[in-house]
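Q: whatever this is, show me its structure:
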Amino acid sequence: MVTDTRATGRAGALRPVNAPVPTQVRAGPDGKPLTVRLGKTWHRVARIADRWHIGPDEWWTEQPVDRMYYTAQLEDEKQVTVFQDVLTLHWYRQRV
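A: Here you go, the predicted model:
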């Protein structure tokens, strides 16, 4: 059971859910992830389950966004969603 701290919540005390985490990815010549680092361990990608692109022309963004997303099935059967920021070439993990 969780102890009630009697602390009151504050309006505006929001925090992001599922915020992107910088991640190391080794990609092949076609740009698809081959291995993904989770913690201290590199995991080999068994297959790409899904791929999609969010381009710079999306009307709801204030800043330009250009991302290539991949849902990768790892050899240990974990599934991870990673994306590469096409503008900076940095990789991020969205979900494990």
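
Q: for this structure, which strand is longest?
A: Identified as the longest strand of the chain according to DSSP state E is strand 41-54.

Q: now do that strand: distance to the chain's middle.
A: 11 Å (CA atoms, centre = their mean, to the nearest Å).

Q: tell me the buried residues in that strand?
A: 43, 45 (16 or more other CB atoms under 10 Å). For the C-beta atoms, the positions are set from N, CA and C on the backbone; glycine is no exception.

Q: name the residues that touch it?
A: Residues outside strand 41-54 that contact it (CB atoms under 8 Å, 6 or more residues apart in numbering): 26, 32-37, 65-76, 78-80.

Q: repeat that for stretch 66-75.
A: 31-33, 36, 43-56, 79-87, 94.

Q: measure Ala72 to Pro33 for me?
A: 5 Å (CB to CB, to the nearest Å).
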